[in-house]
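Colleague: Sharing a sequence plus its predicted fold:
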Amino acid sequence: IGASSNFTIINDKGDIANNLMSTQTVTKNYYAQLGINGQFKTGDLEHDVTLAADKAWHSIKGAKDMYKDGSMGSVAGNLYNGIYGVGVWFPKIEPGLSSKDQYWGISLADTVKYNKAQLLLGVHKHAASVDSYNKKTEKVTGHVDSNAVCPTYGFVYQPDEHVSMYASHSENFDKGSVVSGTYENSGEILDPAKTKQNEFGVKYENAGFVTSLGVFDITQSNNIVVHRDGYSKDFFLQDGEAKYKGIELSVNGKLAPKWNVMGGFMYLDAEQHKTARGTNDGKAVNGVARWNAVAALEYQADDNFSVIGRGVYVGKADIFNESLQVPSHMTYDLGVNYKTKINATPVTFSAMCYNLTDKNYWDAHTGNGLILSNPRTFMLSAQFDI
């Protein structure tokens with residue numbers, strides 16, 4: 001594969017070059033949970049209580065030495081005319097332990113019902129141990145122990161059969177992650193952190209339509225990609241907090257006897273706070289678009305055949321701390337579904353065309369990375385209900 005899976009454009013003609021590397025990743029995950037659940041009443045209150053304990057083990061192995069026997073070749077070519085390999089060969093790769101962590105916790109939750117109201121009260125106690133290793137020697141290079149108490153509570157009230165109003169608060173624990181080999185500071189352990197989310201909203205259901213409106217704010221650690229002169233790779237660092245405030249509206253239902261409509265939009269205001277020396281305070285979180293929207297229309301000819309069309313809009317996004325902006329883009333998808341039977345076995349055939357107009361665009365993701373759009377893509381699948 002190409003180093004960092006990136007190609008370097010070396011001139012305005014679109015000529016590209018990159019060294020090659022060969023690696024492998026061995027990941028093992030184990031998870032166990034044991035719990036009890038019970039229902040009981042205290043006066044007019046109905047309780048649904050769950051007590052559970054859980055533990056998880058996670059380890060990663062990577063290549064001990066990707067360049068043990070020297071250069072593995074390179075790639076060259078042009079963005080417009082294709083690429084080719086130069087002196088490419090792939091030696092045997094020996095894996096070594098890169099990171100290992102353990103996570104355990106205990107949780108207690110009680111859902112209380114009273115007439116038209118429900119109240120959820122919960123708490124989760126977490127503890128974690130994270131180790132990073134030198135892949136060649138498999139000796140510990142970093143160790144972090146952490147623990148946290150994370151509460152969860154929510155409230156739902158239904159004044160009538162059509163309306164539900166809700167509010168909630170939740171906290172999640174990040175035990176601290178080991179920086180991957182993609183970055184210059186590979187093997188470092190990012191500090192443990194909490195993610196906190198508050199949300200309230202309303203849902204209305206009537207005449208075959210369901211409409212939901214929610215307002216939320218989320219605070220989490222701000223992980224950034226930083227380029228430093230003199231280094232061949234970027235650094236992956238934790239820098240302050242990222243705060244997300246947004247509003248989301250969704251609608252779906254039956255527009256006419258054979259027509260279904262689905263859609264919605266989200267406005268997301270994402271800012272950086274408490275950054276080093278306040279350098280990026282108030283600036284947009286890199287790679288996060290303020291506006292996202294989707295609309296879909298489905299025509300269901302009968303119980304066995306339907307056609308769906310969809311439009312997806314992604315708004316502008318800032319990267320490199322607002323020094324560059326990724327343009328917005330709109331794409332369209334079209335698909336059909338057909339249900340039949342093969343030897344009495346129900347089968348659903350689906351055919352989809354993504355990016356129907358073959359639009360070229362850049363797709364930003366959290367951080368400063370960009371992904372070139374997928375071209376027009378056709379997909380055919382079959383689901384057998386045995």
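Modeller: Perfect, I can see it now.

Colleague: just the helices in the stretch 101-250 of the chain please.
Modeller: Taking DSSP state H, counting those that start in this stretch, the stretch 101-250 of the chain contains no helices at all.

Colleague: Show me what counts as buried in the lengthiest strand in the chain.
Modeller: The longest strand of the chain (DSSP state E) is strand 235-256. Residues of strand 235-256 classed as buried: 235-244, 246, 248, 250-252 (neighbour count, 16 or more other C-beta atoms under 10 Å). For every residue, glycine as well, the C-beta is placed using N, CA and C.

Colleague: Which strands or helices does whichever helix or strand comes after that strand pack on?
Modeller: Going down the chain from strand 235-256, the next helix or strand is strand 259-273, by DSSP states H and E. Where contact means 3 or more C-beta pairs under 8 Å, 6 or more residues apart in numbering; DSSP states H and E, strand 259-273 is packed against strand 235-256, strand 291-300.

Colleague: Adding mean pLDDT and distance to residue 32, write these out as TSV.
Modeller: Below are these laid out as TSV (pLDDT from 0 to 100; distance: least, C-beta to C-beta, whole Å):
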stretch	mean pLDDT	distance to residue 32
strand 235-256	92	30
strand 291-300	97	37
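
Colleague: so how far is residue 320 from the residue lying closest to residue 184 once chain neighbours are set aside?
Modeller: Nearest in space to residue 184, with sequence neighbours left out and distances taken as C-beta to C-beta, 6 or more residues apart in numbering, is residue 233 at 4.2 Å. Between residue 233 and residue 320 the distance is 16 Å, computed by C-beta to C-beta, to the nearest Å.

Colleague: Could you do residue 228 as well?
Modeller: Using C-beta to C-beta, residue 228 is found at 13 Å from residue 320.

Colleague: if you count what's nearby, which of the two comes out ahead?
Modeller: Remark: of residue 228 and residue 320, residue 320 carries more neighbours, 16 against 9, as counted by other C-beta atoms under 10 Å.

Colleague: does that one really touch residue 286, like I thought?
Modeller: Yes - judged on C-beta atoms under 8 Å, residue 320 makes contact with residue 286 at a distance of 6.8 Å.

Colleague: Would you mind listing the residues touching both of the two?
Modeller: Residues touching both residue 320 and residue 286 by C-beta atoms under 8 Å, 6 or more residues apart in numbering: residue 368.

Colleague: which stretches of the stretch 101-250 of the chain aren't confidently modelled?
Modeller: 181 (pLDDT under 70).

Colleague: Tell me where it has strands.
Modeller: Along the stretch 101-250 of the chain, counting by DSSP state E, counting those that start in this stretch, strands occupy 117-133, 140-157, 163-174, 193-206, 209-226, 235-256.

Colleague: Let me know the outermost residue of this structure.
Modeller: In the chain, counting by C-alpha atoms, centre = their mean, residue 43 sits farthest out from the average C-alpha position, at 43.3 Å.

Colleague: How far off centre is stretch 219-239?
Modeller: With C-alpha atoms, centre = their mean, to the nearest Å as the basis, stretch 219-239 stands 19 Å off its chain's centre.
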